[in-house]
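**Q** My questions concern the predicted model and sequence given below.
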Amino acid sequence: MEENDETLQAVMGLIMNGGNAKGSAFEAIKAAKKGDFTEADAKLKESDKFLAEAHNSQTGMLTKEASGEHVPVSLLMVHGQDHIMNAITFRDLAGEIVDLYKKLAEK
């Protein structure tokens, strides 16, 4: 089963934006560790922006499915979903870690 170009583009959006979101979240932790909370907050916002882009890719596929246009599930699509789920989890944890570094810096 081949994926059409539109579905492939959506899946690549999940993979690319999920990876970028995770990378930005990791950079936020590194900045917080150095005490640069302005940079940490900027990187968390950047991560959120990438997650929003990934969400838009996912929403397009879900909208198609909900309107009766079946979107075939492939191994690549599952891989893309894994990327975005891991990125969401990593972003949430990065926010908590940045907050912890802020609290430690206040003491």
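**A** That came through, no problem. Numbering: from 1, shown residues only.

**Q** residue boundaries of the helices in this protein?
**A** 5-33, 37-66, 75-106 (DSSP state H).

**Q** Kindly present those as TSV, with separate columns for mean neighbour count.
**A** Where you see a C-beta, it was placed from the backbone N, CA and C, and this is true even at glycine. Formatted as TSV, the helices of the chain follow (neighbours: other CB atoms under 10 Å):
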stretch	mean neighbour count
helix 5-33	19
helix 37-66	16
helix 75-106	15
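
**Q** JSON lines for those helices, including mean pLDDT?
**A** Converted to JSON lines, these look like this (pLDDT from 0 to 100):
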{"stretch": "helix 5-33", "mean pLDDT": "95"}
{"stretch": "helix 37-66", "mean pLDDT": "93"}
{"stretch": "helix 75-106", "mean pLDDT": "96"}
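
**Q** so what's residue 86 up against?
**A** 18, 22 (CB atoms under 8 Å, 6 or more residues apart in numbering).

**Q** next one: residue 13
**A** Residue 13 touches 53, 54, 56, 57, 80, counting by CB under 8 Å, 6+ apart.

**Q** how much space between residue 22 and residue 61?
**A** Distance of residue 22 to residue 61, computed by CB to CB, to the nearest Å: 21 Å.
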